[in-house]
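Trainee: here you go, sequence then predicted model.
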Amino acid sequence: MADFDIIIYGATGFTGRLVAEYIHATHPDRPWAMAGRSMEKLAAVRDEMGLPEDTPLVEADASDPASLDAMVARTRCVITTVGPYLKYGEPLVAACANSGTDYVDLSGEPPFMWDMVEKYDAKAKETGARIVHSCGFDSIPFDMGVWFLQQEAMKRFGKPLKDVKGRVRGMKGTFSGGTAASGKETMKLAMSNPEVMKRLVSSFALTPGFEGPKQPYGNKPYEDPDFGIWVAPFVMASINTKNVHRSNMLMNHSYGEDFTYEEMMFTGKGEKGQAIAEGISKMDPMGDSGVKPGEGPSKEERENGSYDLMFTGTSESGDRIIVGVKGDRDPGYGSTSKMLTEAALCLLDEAADAPAGVTTAAPTFGQAIIDRLEKNAGLTFTVEA
């Protein structure tokens, strides 16, 4: 019998603290613990945050596999915010896969994720562990947005939409310092290894054994003919598209084996929209933001952030569906910490019978995570047209 429902590994980091704050405030009856490399630092952070003195603390270090084994043996699910995952992630995935302990993370690092699929998917299926990557802004709103759109298509047309577009209509807030560090770690690996670069540009990097149709590139600005609005490349698209296609594969291609998905951001109409789109396309998405791992915006900045996403497609007869997904906090911190926590709790409760393995949000959670996010985490999923 596990001591805890959830252990937050990396609880002394910026995002880990937000997760701890959220679970304490929103789910106080769940048994949970804070974990990290130093008991002294854990205690200091606990006291600094004003958490109860009896909040359990667990010492564990990625460089000490025995400490990770001991940690995962005490919990039903681990939430990990310790990245870059390419550097620090594998030992914990291995521990969870070997022990049958559930796991959720914030990974936006495709090379890490495809390594985990190849190395631990079979073992996790054997032990019953659910290893769920990308449970923050990348990629829950996008993965579940596509799923939500396709559910509506099935209701209306009896079949999924073959070609789907995801569009970022608005976003206020910052990506985390950890996201930037993860992106740089991914690019460093890709630049040194042509095979990694080849997989990185493929939408099907996380669907071993399946290669679908040619996908939209999403890497050049253009005027979207469906809306008369200019679109620009979106920095998270290379991660989200891979997760969407893995979800489709894990759901027995419920979107179709000929499914295509393009993800970009709206910049506006006319010459102004074009100028913004072309400017964005020339920017370095992983340039120095000044935010380092472990740092982040103030509470006021997090609470004033938001995002607005759209997913759309047309039926064979030309009937269009539009759905919207909105979040009430900045994407990289405030909303991400809530989504990560709700994903872990959903895994233990409503999705307790979801299949084991290295998986993604849509096939694991389905409607249950949408219900949780709308009830607790400030997200909305709406059919708009």
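Mentor: Sure thing, it's come through. Numbering: from 1, shown residues only.
Trainee: packing partners for the lowest-mean-pLDDT helix or strand in the chain?
Mentor: Lowest on mean pLDDT, DSSP states H and E among the helices and strands of the chain sits helix 177-192, with a mean of 72. The contact analysis (3 or more Cβ pairs under 8 Å, 6 or more residues apart in numbering; DSSP states H and E) places helix 177-192 against helix 14-26, helix 85-88, helix 110-127, helix 194-200. C-betas here are computed from N, CA, C, even on glycine.
Trainee: could you identify which of these is most buried?
Mentor: Ranked by mean neighbour count under mean count of other Cβ atoms under 10 Å, the helices and strands packed on helix 177-192 are led by helix 14-26, which reaches a mean of 21.
Trainee: which parts of this protein are strands?
Mentor: Taking DSSP state E as the criterion, the chain contains strands spanning 4-9, 32-36, 57-59, 75-80, 102-105, 130-132, 163-172, 222-224, 229-233, 260-268, 306-314, 320-327, 357-359, 379-383.
Trainee: these: which one's closest to His245?
Mentor: With Cβ to Cβ, the closest approach to His245 among these belongs to strand 260-268: 7.0 Å.
Trainee: just the buried positions in stretch 246-261, please.
Mentor: Using 16 or more other Cβ atoms under 10 Å as the test for burial, stretch 246-261 gives 246-250, 253-256, 259-261.
Trainee: nearest to Ile229 among the residues you listed?
Mentor: Among those, Tyr261 lies closest to Ile229 (Cβ to Cβ), at 18.5 Å.
Trainee: let me see the contact set for the closest one.
Mentor: Residues counted as contacts of Tyr261 (Cβ atoms under 8 Å, 6 or more residues apart in numbering) are 146, 163-166, 203, 215-216, 241, 244-245.
Trainee: what is the burial count for the nearest residue to Ser315 once chain neighbours are set aside?
Mentor: Using Cβ to Cβ, 6 or more residues apart in numbering and skipping residues adjacent in sequence, the residue nearest Ser315 is Phe157, 4.9 Å away. Per other Cβ atoms under 10 Å, the neighbour tally for Phe157 reads 14.
Trainee: so how far is Leu149 from Phe157?
Mentor: Separation of Phe157 from Leu149 (Cβ to Cβ, to the nearest Å) stands at 12 Å.
Trainee: give me the below-cutoff pLDDT ranges for the stretch 51-200 of the chain.
Mentor: For the stretch 51-200 of the chain, applying pLDDT under 70 flags the ranges 174-180.
Trainee: mind doing that once more with 80?
Mentor: Low-confidence segments of the stretch 51-200 of the chain (pLDDT under 80): 174-198.
Trainee: just to revisit the earlier point, just send the helices and strands packed on helix 177-192 back as TSV, with distance to Ala94 too.
Mentor: Written out in TSV, the entries for these read as follows (distance: least, Cβ to Cβ, whole Å):
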stretch	distance to Ala94
helix 14-26	21
helix 85-88	12
helix 110-127	6
helix 194-200	21
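Trainee: so which of those gets nearest Trp230?
Mentor: helix 194-200 (25.9 Å).
Trainee: follow-up on the earlier one: any idea which of the buried residues of stretch 246-261 is closest to Ala122?
Mentor: Leu250 (14.4 Å).
Trainee: per-residue pLDDT of that closest one, please?
Mentor: Leu250 carries a pLDDT value of 98.
Trainee: which residues touch Val231?
Mentor: Contacts for Val231 (Cβ under 8 Å, 6+ apart) come out as 167, 221-224, 264-267, 277.
Trainee: still on that earlier bit, what's the most buried one of the strands of the chain?
Mentor: Of those, strand 102-105 is the most buried (mean count of other Cβ under 10 Å), at a mean of 28.
Trainee: so what strands line up beside it?
Mentor: strand 75-80 (parallel), strand 130-132 (parallel) (DSSP bridges).
Trainee: returning to that earlier point: dump the strands of the chain into TSV; add distance to Leu42 as well.
Mentor: What follows is the strands of the chain, written out as TSV (distance: least, Cβ to Cβ, whole Å):
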stretch	distance to Leu42
strand 4-9	10
strand 32-36	5
strand 57-59	4
strand 75-80	15
strand 102-105	20
strand 130-132	25
strand 163-172	33
strand 222-224	49
strand 229-233	40
strand 260-268	38
strand 306-314	32
strand 320-327	29
strand 357-359	29
strand 379-383	30
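Trainee: out of those strands, which comes closest to Glu195?
Mentor: strand 357-359 (20.1 Å).
Trainee: any idea how far the closest one is from the middle of the chain?
Mentor: 14 Å (Cα atoms, centre = their mean, to the nearest Å).
Trainee: tell me, how many residues neighbour Ala43?
Mentor: 15.
Trainee: where does it land on pLDDT?
Mentor: 98.
Trainee: that one and Lys119, how far apart?
Mentor: In this view, Ala43 and Lys119 are 35 Å apart by Cβ to Cβ.
Trainee: same check on Ala66?
Mentor: 20 Å.
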